[in-house]
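Trainee: Please work out how this folds:
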Amino acid sequence: MDKSNIYQEDAVPSILKQVVKSYTDRGIYMVAFWFLFFMSLITLFGPILAPYDPHFQQTDLLLTPPSWADAGRVDYFFGTDDLGRDLLSRVMAGSRYTIGGALLTVLISGVIGVAIGAIAAMLRGIRSSILHHLLDTILAIPSLLLAILVIAVLGRGWDTILLAVTIGLIPQFIRVSHQASLQVLGQEYVRMARLDGYSGVQLFQKIVLPNMAEALITRFTAALSSAILDIAALGFLSLGAQSPAPEWGTMMANGIELLTRAPWVIALPGAAIFLTVLSINVAGEGLKNSFKQLRVS
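Mentor: Numbering: from 1, shown residues only. Next up, the predicted model:
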C-alpha cells in the first residue's frame, strides 16, 4: 500500500524529535552527554569495574606515582594514596557517593518541590502570599549554608548529609515550579479546561506539568551540579562522608597535606568533580538552548 503523503505540507516532527535534533547538532553538547553517560555507568557498576578493592591497602606501595611518571606502575594507572590504596578504584567507587547521592537528593527534592510549588500556584489569597515571602527568605540562604545548619542540628552522618542537601534544594524547585505553574495557569487553554470540568489533579497532570517541563529540566541540571558541589564541599570540610568512604570531597580533604609531595592524590578526585559538574552544566545549557530554538521556530 502506498504510504506517500497526499498533502503538500511536510509531516511536523514531534517536540521530542525537534529537541533531540537541535541538541545533537552541537558537538560540544554531545561530548558532555557521552561523558555523563560514561559517568553513569561508573556510578552504577563502579565497584564491579574497579581494578582493585577501594579499601585494599598495599603497604609496600605507599604514594606510588601515576603510571606515566618515572616511578609509576602500569597496574596502578593513577597511582596510590598514603595508605597504598588504588586511586582509580577509589574514584570509581566514590562516584556512588558523590554522583549517586546528588542524584538521589535532586530526585527527592524535585518531587517534593514541584508538588508544593504547583499546589501553591493553584492557591489564592493570603496562603499564596505567605508561601511566596517565605520562599524569598529561604532562598536568600545559600544551599550549602542551609545544609551546614541542618548538620549542626542533627549531627554528622551520611544520611544526615543527604537530608541536609535535599532540604537545601527543595526551595529552589518550589520557586521554579511555582512561577512556571502561574505562567501556565494564566493561559486561555487552562480556562477552557476548567470549563470542561477538569479537576485540580487532572489540570496538573495533563496541562500544567507538561507545559513547565522546560523549566524543570533546566532546574534539574542546575540542581544536580549544585548537589555534587555541596556533597563534595561538605566532605572536604569533614562534615560529609567520613573515611575510609571514597567520597570525592573526603578524598581531597585527606590528601590536602600531601599536595606538594603527591599532588595526584588530590588531583584525580578534583578533576572528577570538575569534569562532572562542567559536563552537567554544558548538557543543561544545551537542553535550554534546544527548547529556546524550538520556541523561536
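
Trainee: Distance-wise, check the residue most central in space within the chain relative to residue 44.
Mentor: By C-alpha atoms, centre = their mean, the chain has its centre lying nearest to residue 224, at 1.7 Å. When distance is defined by C-beta to C-beta, to the nearest Å, residue 224 is 16 Å away from residue 44. C-betas here are computed from N, CA, C, even on glycine.

Trainee: Pull out the buried positions in stretch 143-162.
Mentor: Buried positions in stretch 143-162, judged by neighbour count with 16 or more other C-beta atoms under 10 Å: 143, 144, 146, 147, 148, 150, 151, 158, 160, 161, 162.

Trainee: same check, this time on stretch 159-176
Mentor: Going by 16+ other C-beta under 10 Å, stretch 159-176 has these buried residues: 160-176.

Trainee: average pLDDT across it?
Mentor: Regarding stretch 159-176, the rounded mean pLDDT is 88.

Trainee: Just the residues contacting that stretch, thanks.
Mentor: Applying C-beta atoms under 8 Å, 6 or more residues apart in numbering, the external contacts of stretch 159-176 come out as 101-102, 104-106, 108-110, 112-114, 116-117, 120, 131, 135, 138-139, 143-144, 146-148, 150-151, 154, 215-216, 219, 223, 226-227, 230-231, 234, 239-241.

Trainee: where's it relative to the chain centroid, distance-wise?
Mentor: Its chain's C-alpha centre and that of stretch 159-176 lie 12 Å apart, by C-alpha atoms, centre = their mean, to the nearest Å.

Trainee: Could I have the CA atoms of it written out in CSV?
Mentor: C-alpha atoms of stretch 159-176 as CSV (Å, rounded to 0.1, in the frame of the first residue of the first chain):
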residue,chain,number,x,y,z
ASP,A,159,22.0,10.0,56.0
THR,A,160,22.1,13.5,57.5
ILE,A,161,24.2,14.8,54.6
LEU,A,162,21.6,13.6,52.1
LEU,A,163,18.8,15.1,54.2
ALA,A,164,20.6,18.4,54.5
VAL,A,165,21.3,18.7,50.8
THR,A,166,17.7,17.7,50.0
ILE,A,167,16.3,20.4,52.3
GLY,A,168,18.6,23.0,50.7
LEU,A,169,17.3,22.1,47.2
ILE,A,170,13.6,21.9,47.9
PRO,A,171,13.0,25.7,47.9
GLN,A,172,14.7,26.1,44.5
PHE,A,173,12.3,23.6,43.0
ILE,A,174,9.3,25.2,44.7
ARG,A,175,10.2,28.6,43.3
VAL,A,176,10.7,27.3,39.7
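
Trainee: my guess is residue 114 meets residue 215, correct?
Mentor: No - using C-beta atoms under 8 Å, residue 114 makes no contact with residue 215, being 10.0 Å away.

Trainee: Need the residues touching each of those two.
Mentor: Common neighbours of residue 114 and residue 215 (C-beta under 8 Å, 6+ apart) are residue 177.

Trainee: Which of the two has more residues huddled nearby?
Mentor: Neighbour tally, residue 114 and residue 215, criterion other C-beta atoms under 10 Å: the higher count belongs to residue 114, 24 against 18.

Trainee: can you confirm that one is in a strand?
Mentor: No - Residue 114 is assigned helix when assessed by DSSP: H, G, I helix; E, B strand; the rest coil, not a strand.

Trainee: contacting residues for residue 203?
Mentor: Contacts of residue 203 (C-beta under 8 Å, 6+ apart): 122, 190, 193, 194.

Trainee: Could you identify the most distant pair in those?
Mentor: Spanning the widest gap among the contacts of residue 203 are 122 and 193, at 12.8 Å by C-beta to C-beta.

Trainee: which helices and strands does the helix ranked longest in the chain pack with?
Mentor: In the chain, taking DSSP state H as the definition, the longest helix is helix 264-296. Here helix 264-296 touches helix 15-24, helix 27-49, helix 87-95, helix 213-236, helix 248-255, going by 3 or more C-beta pairs under 8 Å, 6 or more residues apart in numbering; DSSP states H and E.

Trainee: Turn those into a markdown table, including distance to residue 280 and mean pLDDT.
Mentor: Output for the helices and strands packed on helix 264-296, formatted as a markdown table (distance: least, C-beta to C-beta, whole Å; pLDDT from 0 to 100):
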| stretch | distance to residue 280 | mean pLDDT |
| --- | --- | --- |
| helix 15-24 | 14 | 70 |
| helix 27-49 | 7 | 89 |
| helix 87-95 | 13 | 92 |
| helix 213-236 | 4 | 89 |
| helix 248-255 | 14 | 90 |
